[in-house]
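Asks: Pasted the sequence and its predicted model underneath.
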Amino acid sequence: MEALALKNEAVNLIEKLPVNKIRYVIQFTQFISQQNFFEEEQSNPAPSKHLPLGFLKGKAKVHFADNWEISPEELLGL
C-alpha cells in the first residue's frame, strides 16, 4: 500500500477507538518511532574489540533452572 493509503487506514481505525485506547496508540507510536532510531544505530555498529576465547573463564557463572525451556522459534528469533 502507498504511504497515504496506510495513513488514511490508520486514521480511520483510530477514529473508532475510545479515548483511553487512543492514548495507548500514541504511546505505542512514540515507542516505535524511537525503535527506528535504535535500528539505524545498530545497523552501523562501532568497531568491536576482539577478546580472546575464555576471557571470562572463572569470572562468570550461568545457572539454568530445572524447568527452563525455549522453543525453536524463540531460539531462532522467529
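Replies: Received, thanks. Numbering: from 1, shown residues only.
Asks: What about L4, how many residues nearby?
Replies: L4: 8 surrounding residues under other CB atoms under 10 Å. Backbone N, C-alpha and C define where each C-beta goes, glycine included.
Asks: From V11, how far off is it?
Replies: Distance from L4 to V11, counting by CB to CB, to the nearest Å: 11 Å.
Asks: lowest average confidence, helix or strand, in the protein?
Replies: Ranked by mean pLDDT, DSSP states H and E, the helix or strand of the chain with the weakest confidence is helix 19-43, at a mean of 77.
Asks: Can you pull up the most central residue in this structure?
Replies: The residue lying closest to the centre of the chain (CA atoms, centre = their mean) is Q35, at 7.0 Å.
Asks: Tell me how far that one lies from V25.
Replies: Taking CB to CB, one finds Q35 at 15 Å from V25.
Asks: before we move on, what about G58?
Replies: 50 Å.
Asks: confidence score at N44?
Replies: Per-residue confidence (pLDDT) for N44: 58.
Asks: what are the phi and psi angles of L76?
Replies: Dihedral pair for L76: phi -90, psi 0, per degrees, to the nearest 10.
Asks: Tell me which of G58 and V25 has more neighbours.
Replies: Shown here are G58 and V25; by other CB under 10 Å, V25 has more neighbours (13 against 6).
Asks: you'd agree the more buried one is up against L17?
Replies: Yes - taking CB atoms under 8 Å as the definition, V25 is a contact partner of L17 at 6.8 Å.
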